[in-house]
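Q: Using only what follows, build the 3D model:
(chains A and B)
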Amino acid sequence: MKKMRKVLSVACIGMLLATALTGCGGDKKGSGDTIKIGGNLEMTGGSASYGKSAQNGIKLAIDAANAKGGVLGKKIEFVVADNKSEAAEATNAMQKLIAQDKVIAVIGPNLSSASIAATSINTSAKVLAITPMGTNPNVTVDKDGKTKDFMFRACFIDPFQGTVMATFAKDKINAKNVAILVDNSSDYAKGLAQFFKEAFTKGGGKIVAEESYLQKDTDFKATLTKIKASNPDMIYVPGYYQEVGMIVKQAREMGLNVPMAGGDGWDSAKLPEIAGKAALNNTYFSSLYSPDDDSQLNKDFVAAYQKAYNEKPDVFAALAYDSALLVINAIKTANAVDTVKIKDAMAKTAGFSGVSGNVTFNAQHNPVKSAVIIEYKDGAQVFKTKINP
Amino acid sequence: MDMGSFLHQFVQQLINGVSLGSIYALIALGYTMIYGIIKLINFAHGDIYMLGAYFGFVATTMLGLSFLPALVFAMAAAAVAGIVIERVAYRPMRNAPRIAILITAIGVSFFLEYGMILIATPQPRTFPAVFDATVYNVAGLVINSQQIVILGSALVLMAALTYIVNHTKAGKAMRAVSFDMDAAQLMGINIDKVISMTFALGSSLAAAAGVLVSIYYNSIDPLMGMMPGMKAFVAAVLGGIGIIPGAMLGGIIMGVVEAMVSGFFSSTFRDAAAFGILILILLYKPSGLLGKNIREKV
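A: Numbers count the residues shown, from 1 in each chain, chains lettered A, B, ... in the order given. Alright, predicted model coming up:
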């Protein structure tokens, strides 16, 4: 009898361990009445306008899906955690979403540096994350070139933005001598600058000055004075709108009136306010999306977004909307609330139509899609041209 | 780079540096005055500068004031804030060890920063352009009207402060308290009043710097005071903490060094140069450029 007891208790402990282990694997998550999707977004901090737009886009997609009965017969619940536009906080937010809120997929962060920092958390928890706008190559690929299993993105990668702008600078602006002013505290900006430089010099152009600044800097006059002395035909400033606004303003005040260009970090309604509408003339940026795109899907999206929020969607809203659609689509395809199966379904996505173009993931979890060049004219964004991969 | 263009660049960087440095000087003055009176490094001073910028923002956007009234409004409001902070946070600690009051100052700094985040949200706001920036081109050198206004306002305020400290009764009382607080009290000087006034003056100068910077860069946020606060602290130490002309000199030197480092080396080294100065001055002339070496009485 004693022996029997021992066997039983061992069996009990074994069973306990087994359930505990599967619990860690994450398979039991979201088994309630709702399915939870997390948003690791920039609700505050220097890039707060990105996070707000993304939240609007995701909510629109999820509300539409819930109106049609949700997914797998369950309603979707959207939980947001604020990453304060910082890499360290993005890691905390990821931890909170997965451990406390038990979400089955995460959308965000938008910033590349924050995504690179936070992805180790969702990878070890085996929950997929998709960054709407993290365009640095290292977001989905580690240092050895191996794809990170649980990390995806809805946007194209930096090489393409840098290369596109180099082509545009050479062919449309006829620039020969370009100065680069890069945000040294951001992986995103450094990535863009590097690929711009490679593509531009390969095409016969010359980089006459390479300068850098840090986030939260406010005085750029000294650096711009130095750049002005190198007589560039164009200045490439791949940074975020807060500093870019001040750089453009101060450059124009110094009489530095050459074209200026950057990446999608320029895409914010705040930029014309900070730089001034007139100063912002003769500037261009590469982007993933223009609300003026005439596909039916996009027209419907723009109409719904305007009805809900009384403003035109920006690229962050559009890409976050696409990210949410991709996640919902993957859950449907997986046909199970199992985070690993959802990840597998996501990786196999092909020919999926989103508002920012068709998405097919390649082996590095990067979608292959087209880019647009947008010009600022008196503070308004005007669609300039579209460049295909 | 040939000599002509080097000289041209040098002068342009000097203009950039002096206009930036006059801001550091305005903030450094408050640090130095408060240190001179109660031997406190008021780490919340950078946040008073931020408060001043927000008061200026309220004055221009909500009250619709123009530049000068807004500047006066911000300075007055910040002076009140300075007095309240001293009354609530520092006065009860006056006889406590110096380290305790220093930690209190750090606490006040965080309170102001995160209190403002709570009230005004952490998002940067765009400061309205209260006057246009006209660009003047003199012999290839570029200077704009805002830089001139900043420098002019800074000089006027510094002159006013020097006058108050050296030629008024209140200034005499301040100097007396700074020299020996107990003796001053014995002579019938109300030291509480003098300390309050010092905080009011220092805070209003920081607020003026805050408004000027907001107009110049047209962007404000609740954490904007951190870096300028640190730089101004270095400027105050560089000139000799507790010495009013030292703060002005230190501020201008800091601005010029930053501009020169960004202009002739790399902007990445700018902050390193600023704090490198602090280390050097502490190693070789801890009493500051204008300070006298006074042996501590044991």
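
Q: Output the below-cut-off pLDDT ranges for chain A.
A: Residue ranges of chain A with pLDDT under 70: A:1-32, A:388-389.

Q: Okay, helices next: where are they in it?
A: Remark: helices assigned in chain A by DSSP state H are A:2-25, A:48-67, A:87-95, A:112-124, A:158-171, A:187-202, A:221-229, A:241-253, A:270-275, A:296-309, A:315-334, A:339-347.

Q: could I get these as JSON lines with mean neighbour count and distance to chain B?
A: For the C-beta atoms, the positions are set from N, CA and C on the backbone; glycine is no exception. As requested, those are exported to JSON lines (neighbours: other CB atoms under 10 Å in any protein chain shown; distance: least, CB to the nearest CB, whole Å):
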{"stretch": "helix A:2-25", "mean neighbour count": "10", "distance to chain B": "36"}
{"stretch": "helix A:48-67", "mean neighbour count": "22", "distance to chain B": "5"}
{"stretch": "helix A:87-95", "mean neighbour count": "21", "distance to chain B": "12"}
{"stretch": "helix A:112-124", "mean neighbour count": "24", "distance to chain B": "16"}
{"stretch": "helix A:158-171", "mean neighbour count": "23", "distance to chain B": "21"}
{"stretch": "helix A:187-202", "mean neighbour count": "22", "distance to chain B": "12"}
{"stretch": "helix A:221-229", "mean neighbour count": "24", "distance to chain B": "4"}
{"stretch": "helix A:241-253", "mean neighbour count": "25", "distance to chain B": "5"}
{"stretch": "helix A:270-275", "mean neighbour count": "23", "distance to chain B": "4"}
{"stretch": "helix A:296-309", "mean neighbour count": "15", "distance to chain B": "17"}
{"stretch": "helix A:315-334", "mean neighbour count": "26", "distance to chain B": "15"}
{"stretch": "helix A:339-347", "mean neighbour count": "20", "distance to chain B": "32"}
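
Q: Counting neighbours, what do you get for the residue nearest to residue A:125 when sequence neighbours are not counted?
A: The shortest distance from residue A:125 to any non-neighbouring residue, by CB to CB, 6 or more residues apart in numbering or on different chains, is to residue A:98 (4.7 Å). Using other CB atoms under 10 Å in any protein chain shown, residue A:98 is surrounded by 26 other residues.

Q: now residue A:35, which residues is it bridged with?
A: Taking DSSP bridges as the rule, residue A:35 bridges to residue A:76.

Q: Number of residues surrounding it?
A: 24.

Q: Tell me if I'm right that residue A:53 and residue A:317 touch.
A: Yes: between residue A:53 and residue A:317 there is a contact at 4.2 Å, judged by CB atoms under 8 Å.

Q: for chain A, what are the nearby residues on the stretch 101-250 of chain B?
A: Within the stretch 101-250 of chain B, the positions lying close to chain A (CB under 8 Å from any CB of the partner chain) are B:117, B:121-124, B:126, B:129, B:133, B:135, B:137, B:142, B:144, B:146, B:213, B:217-219, B:223-224, B:227.

Q: Grab the nearest non-local neighbour of residue A:321.
A: residue A:57 (3.7 Å).

Q: which residues touch that neighbour?
A: When contacts are counted by CB atoms under 8 Å, 6 or more residues apart in numbering or on different chains, residue A:57 touches A:132, A:305, A:313, A:316, A:317, A:318, A:319, A:320, A:321, A:324.

Q: Can you give me every residue that contacts the third one?
A: Residue A:313 makes contact with A:53, A:56, A:57, A:291, A:301, A:302, A:305, A:306, A:321 under the criterion CB under 8 Å, 6+ apart.

Q: now it: how far from chain B?
A: 20 Å (CB to the nearest CB, to the nearest Å).

Q: Return the per-residue confidence for the closest residue to chain A within the stretch 151-298 of chain B.
A: At 3.6 Å from chain A, residue B:262 is the closest residue in the stretch 151-298 of chain B, using CB to the nearest CB. The model reports residue B:262 with a pLDDT of 88.

Q: Could you find the closest non-adjacent residue to it?
A: residue A:222 (3.6 Å).

Q: quick one: is the top helix by length along chain B near chain A?
A: Ranked by residue count and defined by DSSP H, the top helix of chain B is helix B:3-38. Yes: applying CB under 8 Å from any CB, one finds helix B:3-38 in contact with chain A at B:5, B:9, B:12, B:13, B:16, B:17, B:20.
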